[in-house]
Every structure is written in C-alpha cells, then in structure tokens.
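J.: build me a model from this:
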Amino acid sequence: MTQMKIRCPTCKNVVIAQGNPREKIFITCPKCNTQGVFTFPFDTSLHSAQKEGNTIRPIGVTILAILAIISALSIIFNFGFYASISPVIDSLTSLNFFLILLLLLGIVLIVIFFMIAYGFWKGSRWSWYVAIIFLIIGIIIQIIAVPLTLFLFSGASLSTIINTFYFFTILRTVIFVLLYNLIFGLIIFYLTRPHVRTYFHIDHLGDIKSIIKANRKIVYILVIVFIVAAIILMWGFQSTGAITLISVTQTPEHPQAFDDITITAEISGGSPFGGAGVSFSYTTYFGEGSKGSSEPMRYIGDNKYTAILHDSNGTEIWYFIRSGNNVLGEHTIQIGHIERSNKTSLAITNMTQVPEKPTSETTSITLTVNVTSNVTVIDVLFIKEIISPSGYHSSGGSGMRKIHNNTYSETIYQYGFGNQYHNFESGTKIYYRIAAIDKSGNTAVITKNIII
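T.: Now for the predicted structure:
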C-alpha cells in the first residue's frame with residue numbers, strides 16, 4: 001500500500017489517495033466534484049524519489065532535451081547565416097509579409113524548443129503536454145505537405161507530373177513526410193511510456209481528456225483562431241489582379257566593365273502577402289567567359305523589385321523578369337562598347353528548325369544556321385531560356401556545334417540525361433538567342449522564341 005498526492009486537473013486541488021501498484025481507483029475531487037480514474041504507477045520508488053526532489057531523468061528525455069536545444073540553435077544559426085548573405089535584412093521595410101511571417105514562425109519555434117528543453121530537463125509537467133501537442137501539430141503539417149505539393153503543381157496535368165521530374169519532387173515529399181511522421185510517432189510513443197510519464201508527474205493519460213474537457217472554451221477559441229488564420233492566409237496569397245511589368249530602370253545607365261548594375265522593376269498585381277513572386281534570370285556572352293544566374297528579386301516597397309548584377313566583365317547581358325512561368329519582360333544590357341556594325345559582312349542566315357511546329361510529343365528541337373563573314377568567325381553562341389507551365393526553368397549559354405563549313409547546329413532538350421530526354425510540356429516557352437563574333441570584334445545577334 002502506498003500513499004500518493006493527486007492534483008485535480010480542473011481546480012488544481014491536491015487529493016491524498018492510497019492504493020497498490022497498478023491498482024485503478026475512482027476519485028471525486030471534494031472541491032469541484034470533478035470525477036476521474038487514477039492508476040497507481042508500478043514503479044513507486046521512482047515516484048517517491050521524485051516527490052522527495054531526487055529527480056531521476058530517463059536518458060531518452062535527456063536526449064530529447066539536447067535535441068530541442070540543438071534545433072533551436074540551428075534555427076538561430078540559419079537566421080544569422082541568411083542575414084549575413086541576404087540583402088533583405090538591410091531594412092525590415094524591404095521584407096514582404098510572407099518573409100516576416102517566416103521570421104515570426106522561426107522565433108516561435110525557437111521559443112518552443114527552448115521551453116521544451118528546459119521543461120524536459122526539470123521534469124515539468126507542462127512541458128510534456130507542450131511536446132505532445134507540438135508533435136501532433138507537426139504530424140498534421142507533414143500530412144498537409146503532400147496535397148500542398150500537388151496544389152503547387154496543379155497547373156500541370158497528372159500525366160505531366162508522373163512523366164516529369166516533378167514526380168520525384170512529390171515522391172521525395174512523401175518519403176520525408178513518412179520519415180518525419182515515423183520519428184514524431186516514435187517520440188510520442190516514448191513520451192507516453194509509464195516511466196516517462198511518471199518522471200513528468202503524468203499519472204494517467206486520462207489527464208489529457210480531463211484537461212481538454214475542463215478547457216473546452218480555450219479549445220474552441222484556438223480552433224476558431226486557426227480557421228480565421230487559414231482564411232486570412234488564403235486571402236493574403238490570392239492574386240488581386242494580373243501581374244504586369246510597368247517599367248524597368250538600371251543604374252548606372254551606361255555601365256562599364258565590372259560595374260555593379262542595379263535593375264529596378266515596377267510591377268503591379270500579385271497578392272497582398274506574397275507580392276508578385278518576381279524572379280530575375282540572366283546570361284552573359286561576348287565577354288571573358290559567360291555566366292548566368294536565376295534568383296528572386298527583392299521587394300523594396302511601392303510595387304518595386306530589385307536585383308543586382310555583380311562584376312560584369314565587358315559582356316552583353318540578356319535578362320528576363322518573370323513571375324512564376326510568365327515572362328513579364330526581357331531586356332539587353334551592353335557593358336561598355338559592343339561592336340555591331342557593317343565593318344564586316346558578319347551575318348546569321350538560313351535558320352531552320354526541326355520539327356518546325358513542336359508539340360508535347362517532342363523530345364528535342366534542332367536548330368541550324370549559317371554564319372558568314374569576310375573575316376574568320378571566332379565563335380557562335382547559343383543562349384536559351386526555357387520556362388514550362390509547371391515551373392521548370394532552365395537558362396544558360398553554350399557554343400554551337402560547327403557541322404559543315406559555315407553551318408552551325410544546336411539541339412534543345414527540356415531536361416534529361418544521356419539519351420533519356422523527356423517530352424516538352426504543352427505551353428512551354430523557349431526564348432533563344434544566337435550570337436556570333438568574328439575576328440574583327442564585330443558581332444551579330446538574332447532573337448527568336450518557340451511556344452510548344
């Protein structure tokens with residue numbers, strides 16, 4: 001026979017109960033008349049040690065506390081890392097609502113992880129409930145991730161998803177969901193073991209039902225808040241109008257080699273929270289080696305977005321401003337002087353395309369051109385920008401293959417490896433540019449586009 005103190009989950013009144021290990025008794029709180037069932041723990045010595053203040057912490061709880069601290073520190077490290085490399089931290093006014101939301105979520109997670117770590121280390125009863133609720137919410141979020149991924153690719157047909165690399169994106173998401181849910185489930189299973197619950201003074205799992213029942217108003221309020229927040233987020237990320245490029249400016253207006261060039265675009269439309277989702281991609285050529293990049297443009301307020309080109313090395317730059325798979329505008333920047341005149345007879349002619357009208361059954365498109373000049377042709381370059389409806393994007397430049405005298409060829413693939421190339425999606429837009437330079441330094445450029 002052992003004697004234990006039991007705290008009423010409703011009014012917190014302490015009731016003295018007597019019983020044997022594993023014995024189940026029915027208790028009514030004399031103060032608030034709350035009824036409940038209590039099962040005496042098997043390991044009464046452990047409970048007695050805890051009552052006397054000699055906390056015996058299970059090693060698994062210690063590990064979870066350390067992992068919670070590591071998780072909090074990793075979020076702090078990531079914040080510091082991105083703050084050091086990202087210009088969006090220059091001013092909070094440059095952050096759109098979505099980034100602010102992510103920042104606040106990160107701060108909340110840091111606080112929760114430190115709370116759980118402290119509570120687990122001290123054996124605090126409340127930390128057990130916080131951890132259980134946090135893990136259950138995590139499982140729900142992970143389950144939502146799969147339909148959310150499908151929603152993100154809803155612009156593509158099911159056959160397109162299955163037959164493209166997006167299938168692997170979804171498959172990877174499903175695998176991660178299963179893995180995370182397995183880990184979260186094992187942690188919940190461990191935390192509900194008798195010796196662990198005893199460490200946290202959780203006498204029986206019925207306490208959870210009692211707490212929910214006693215605080216049902218709070219539960220209702222939380223559910224309402226969640227629904228309202230979901231509605232606000234749905235509204236906040238819903239586009240309020242067509243996304244349109246109003247104007248583009250660059251500074252400096254006439255850049256020289258190795259100048260930093262700031263591109264500023266004024267864009268209307270988008271959603272209140274997510275903005276227009278503007279990205280910037282470019283490819284350089286005619287310089288000392290070509291380069292390219294694709295990155296989000298930074299929101300600076302007043303419907304304006306900006307991107308910076310660093311260390312341009314005397315090249316011509318072809319860049320695109322996009323919102324998702326929609327091209328808002330394409331522009332060319334000349335760094336210093338690019339010769340393009342009739343000083344030589346340099347010309348790009350007789351271009352052919354096979355197939356002439358590509359479809360969604362097409363896996364490759366072959367282009368052939370003649371490049372002639374009265375002086376030696378040094379190089380013929382091919383620069384492309386591929387944008388598919390489901391979000392696939394590829395950009396870059398390379399030299400065209402010389403196949404006969406003055407004839408050059410290039411084959412465009414959507415993506416693939418070896419001889420395994422996939423069909424172009426219906427609605428894919430291909431923008432390409434053929435650029436030639438001869439020994440005199442004269443250049444010639446033609447620009448075309450293909451819509452599948």
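
J.: show me how this protein divides into domains.
T.: For the chain, automatic domain parsing gives the domain ranges 2-50, 58-122, 241-338, 339-452.

J.: Serialize these to JSON lines and add fields for mean pLDDT.
T.: Formatted as JSON lines, the domains of the chain follow (pLDDT from 0 to 100):
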{"stretch": "domain 2-50", "mean pLDDT": "70"}
{"stretch": "domain 58-122", "mean pLDDT": "73"}
{"stretch": "domain 241-338", "mean pLDDT": "86"}
{"stretch": "domain 339-452", "mean pLDDT": "90"}
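
J.: residue 191 is nearest to which of those domains?
T.: Residue 191 lies closest to domain 58-122 among those, at 8.1 Å (CB to CB). From N, CA and C alone the C-beta is placed, and that goes for glycine too.

J.: before we move on, the earlier item: in CSV, list the domains of the chain along with mean neighbour count and distance to residue 135.
T.: Formatted as CSV, the domains of the chain follow (neighbours: other CB atoms under 10 Å; distance: least, CB to CB, whole Å):
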stretch, mean neighbour count, distance to residue 135
domain 2-50, 14, 21
domain 58-122, 15, 10
domain 241-338, 17, 28
domain 339-452, 16, 32
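
J.: and the ones you listed: which comes nearest residue 139?
T.: For residue 139, the closest of those is domain 58-122, at 15.5 Å, according to CB to CB.

J.: what about the closest one, how long is it end to end?
T.: Chord length of domain 58-122, first to last residue, is 12 Å (CA to CA, to the nearest Å).

J.: CSV for the domains of the chain, including distance to residue 141?
T.: As requested, these are arranged in CSV below (distance: least, CB to CB, whole Å):
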stretch, distance to residue 141
domain 2-50, 28
domain 58-122, 11
domain 241-338, 19
domain 339-452, 22
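
J.: tell me which of those lies nearest to residue 199.
T.: With CB to CB, the closest approach to residue 199 among the domains of the chain belongs to domain 58-122: 5.8 Å.

J.: so residue 385 sits in a strand?
T.: Yes. With DSSP: H, G, I helix; E, B strand; the rest coil as the criterion, residue 385 is located in a strand.

J.: all helices for the stretch 151-300 of the chain, in order.
T.: With DSSP state H, counting those that start in this stretch as the criterion, the stretch 151-300 of the chain has helices at 158-162, 166-191, 194-199, 206-214, 216-236.

J.: circling back to that earlier point, of all the domains of the chain, which lies closest to residue 188?
T.: The nearest among these, by CB to CB, is domain 58-122 at 11.3 Å.

J.: on that earlier part again, which one of the helices of the stretch 151-300 of the chain has the lowest average pLDDT?
T.: Lowest mean pLDDT within those: helix 158-162, at a mean of 48.

J.: which element is residue 63 on?
T.: helix 59-85 (DSSP states H and E).

J.: quick one, that helix and helix 166-191 angle?
T.: 140 degrees (axes from the mean of the first three to the mean of the last three CA atoms, to 10 degrees).

J.: now do helix 59-85: which elements does it pack against?
T.: Helices and strands touching helix 59-85, by 3 or more CB pairs under 8 Å, 6 or more residues apart in numbering; DSSP states H and E, are helix 97-122, helix 194-199.

J.: residues of the last one that come out buried?
T.: In other words, helix 194-199. 194, 196, 197, 198, 199 (16 or more other CB atoms under 10 Å).

J.: now find how far off-centre that helix is within its chain.
T.: Relative to its chain's centre, helix 194-199 lies at 38 Å (CA atoms, centre = their mean, to the nearest Å).

J.: of the buried residues of helix 194-199, closest to residue 227?
T.: residue 197 (32.2 Å).

J.: isn't the closest one up against residue 132?
T.: No. With contact defined as CB atoms under 8 Å, residue 197 does not reach residue 132; the gap is 10.6 Å.

J.: the helices and strands packed on helix 59-85: which one's closest to residue 405?
T.: Using CB to CB, the nearest of these to residue 405 is helix 97-122, at 54.8 Å.

J.: helices or strands up against that closest one?
T.: Judged by 3+ CB pairs under 8 Å, 6+ apart, helix 97-122 is in contact with helix 59-85, helix 125-152.

J.: assign a three-state SS to residue 32, would you?
T.: Assignment for residue 32 (three-state DSSP): coil.

J.: from residue 174, how far off is the spatially closest residue to residue 121 that is not a sequence neighbour?
T.: Spatial nearest neighbour of residue 121, chain neighbours left out: residue 65 (5.0 Å); criterion: CB to CB, 6 or more residues apart in numbering. Per CB to CB, to the nearest Å, residue 65 is found 31 Å from residue 174.

J.: check residue 415 too.
T.: According to CB to CB, residue 415 stands 22 Å off from residue 174.

J.: pretty sure residue 130 sits against residue 117.
T.: No. With contact defined as CB under 8 Å, residue 130 does not count as touching residue 117 (10.9 Å).

J.: quick one: contacts for residue 370?
T.: By CB atoms under 8 Å, 6 or more residues apart in numbering, the contact set of residue 370 is 348, 349, 350, 351, 406, 407, 408.

J.: cutoff 6 Å now
T.: By CB atoms under 6 Å, 6 or more residues apart in numbering, the residues touching residue 370 are 349, 350, 406, 407.

J.: what do you get for residue 447?
T.: Residue 447 neighbours (CB under 6 Å, 6+ apart): residue 433.

J.: give the helix, strand or coil label for it.
T.: Assigned state for residue 447: strand (three-state reduction, three-state DSSP).

J.: and it, how far from residue 309?
T.: 20 Å.

J.: which helix or strand contains residue 350?
T.: Using DSSP H and E, residue 350 falls in strand 347-354.

J.: paired strands for the helix or strand just after that strand, with orientation please.
T.: Downstream of strand 347-354, the first helix or strand assigned by DSSP H and E is strand 364-372. Strand 364-372 pairs in its sheet with strand 347-354 (antiparallel), strand 407-413 (antiparallel), by DSSP bridges.

J.: closest one to residue 333 among the helices and strands packed on helix 97-122?
T.: Residue 333 sits nearest to helix 59-85 of all the helices and strands packed on helix 97-122, at 24.4 Å, using CB to CB.

J.: just want the angle from that closest one to helix 125-152.
T.: 50 degrees.
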